[in-house]
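Novice: any chance you can model this:
(one chain, ligands or ions: 1)
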Amino acid sequence: MKVRKAVIPVAGLGTRFLPATKSIPKELLTIVDRPTIQYIVEEVVASGIEQVIFVTSEGKSAIENHFDYNFHLDAVLKEKKKVVLGEELNNISNLIDIVSVRQKKPLGLGHAIWTARHVVGNEPFMVCLGDDLVLSKIPCAKQMLDLFEEVGESIVAIQHVPQNETFQYGIVEGEKDTRDHTFKVSRMVEKPSPGTTDSDMAIIGRYILMPEIFAILETITPGHGGEIQLTDALLALTKKRAMYAYEFQGIRFDAGDKMGYLKANIAYGLRHPSLGKQLLEHLKEVVAGK
Ligand code: UTP
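Specialist: Coordinates of the predicted model:
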């Protein structure tokens with residue numbers, strides 16, 4: 001079955017990035033010249049996804065507006081003969097079919113995904129977290145969709161992290177598969193206490209999930225932090241069907257975290273065709289203390 005839809009949850013409170021996120025959704029904070037969320041939507045478009053489902057909440061309507069047609073702005077830019085800029089803005093609103101559902105309370109990532117169940121329906125779907133960026137030659141979503149064509153089962157993207165950081169992530173345990181960069185998942189645990197797992201395979205914000213996850217999410221009781229944890233539902237899913245962990249090729253940034261956000265701006269800035277060289281010179285000067 002083809003994966004046609006991507007759920008992008010953007011309903012979180014963004015408390016790690018206060019005060020910046022007091023009135024601005026963290027997904028709209030800018031990485032070089034466009035908001036984080038635009039990179040993610042562009043990634044799924046470049047990977048062949050046909051529909052994006054935003055899971056939004058109160059105070060996040062600016063995200064939907066960013067991908068909408070802005071009649072007033074378009075008219076002003078035409079009047080000022082700023083044709084290229086006008087086209088660029090209209091291209092954003094033509095990127096992909098976007099649907100929004102509302103998560104009424106921030107009850108966790110698992111609950112946010114469950115909120116999208118009626119729009120997803122009975123088919124496998126992608127999940128991309130609205131604050132997780134992956135810089136890569138082949139879009140991370142495309143790498144995972146290619147693997148899905150082979151395995152036809154749920155996939156979580158992972159990266160190896162230092163042992164003393166595993167408590168910050170959902171951690172998977174599993175055996176190496178015959179395919180490159182792929183593991184068969186046997187167990188997973190959300191934010192493990194020290195000494196409870198030897199694995200350093202941390203789940204990042206990209207998943208392909210089978211629709212059975214929705215029925216499982218319905219039965220999950222709040223876990224770590226009083227939230228409905230996706231990891232708990234994933235663990236239950238592994239008991240019913242196979243699940244794979246995929247070591248994606250690229251660099252991942254948690255743009256919902258202050259340090260991750262700064263690193264992302266530097267990495268994307270250095271790769272920017274017209275700004276990169278100048279930024280590198282500037283960074284050298286800063287490091288040299290000029
Ligand atoms: P995070 O844990 O990074 O988001 O969730 P958060 O809760 O906004 O962050 P902090 O910890 O308070 O800073 C990962 C993704 O899941 C979404 C977030 O918007 C983010 O894209 N999310 C999280 C929801 O949509 N709903 C929730 O209830 C929780």
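Novice: distance check, His160 against Val127.
Specialist: 21 Å (C-beta to C-beta, to the nearest Å). To be clear about C-beta, it is placed using only N, CA and C from the backbone, and glycine gets the same treatment.
Novice: ok, those two, which is more surrounded?
Specialist: Val127 (25 against 10; other C-beta atoms under 10 Å).
Novice: write out the residues of the stretch 101-250 of the chain neighbouring the ligand.
Specialist: Gln103, Pro106, Leu107, Gly108, Leu109, His111, Ala112, Leu129, Gly130, Asp131 (C-beta under 6 Å from any ligand atom).
Novice: what about 8 Å?
Specialist: Residues of the stretch 101-250 of the chain lying close to the ligand by C-beta under 8 Å from any ligand atom are 103, 105-109, 111-112, 129-132, 205, 227.
Novice: now list the buried members of those.
Specialist: For these, a burial check counting by 16 or more other C-beta atoms under 10 Å picks out 103, 106-109, 111-112, 129-132, 205, 227.
Novice: just the strands in the chain please.
Specialist: With DSSP state E as the criterion, the chain has strands at 5-9, 30-31, 34-35, 51-56, 97-102, 125-128, 132-135, 154-160, 170-176, 182-190, 201-209, 243-247, 251-254.
Novice: for those, which one sits closest to Phe148?
Specialist: strand 201-209 (5.1 Å; C-beta to C-beta).
Novice: what angle sits between the closest one and strand 5-9?
Specialist: 130 degrees (axes from the mean of the first three to the mean of the last three C-alpha atoms, to 10 degrees).
Novice: Gln278 and Leu85, how far apart?
Specialist: 21 Å.
Novice: I should have written Asp198 there, sorry.
Specialist: 53 Å.
Novice: surely Ile63 and Val52 touch.
Specialist: No: assessed by C-beta atoms under 8 Å, Ile63 is found out of contact with Val52, at 10.8 Å.
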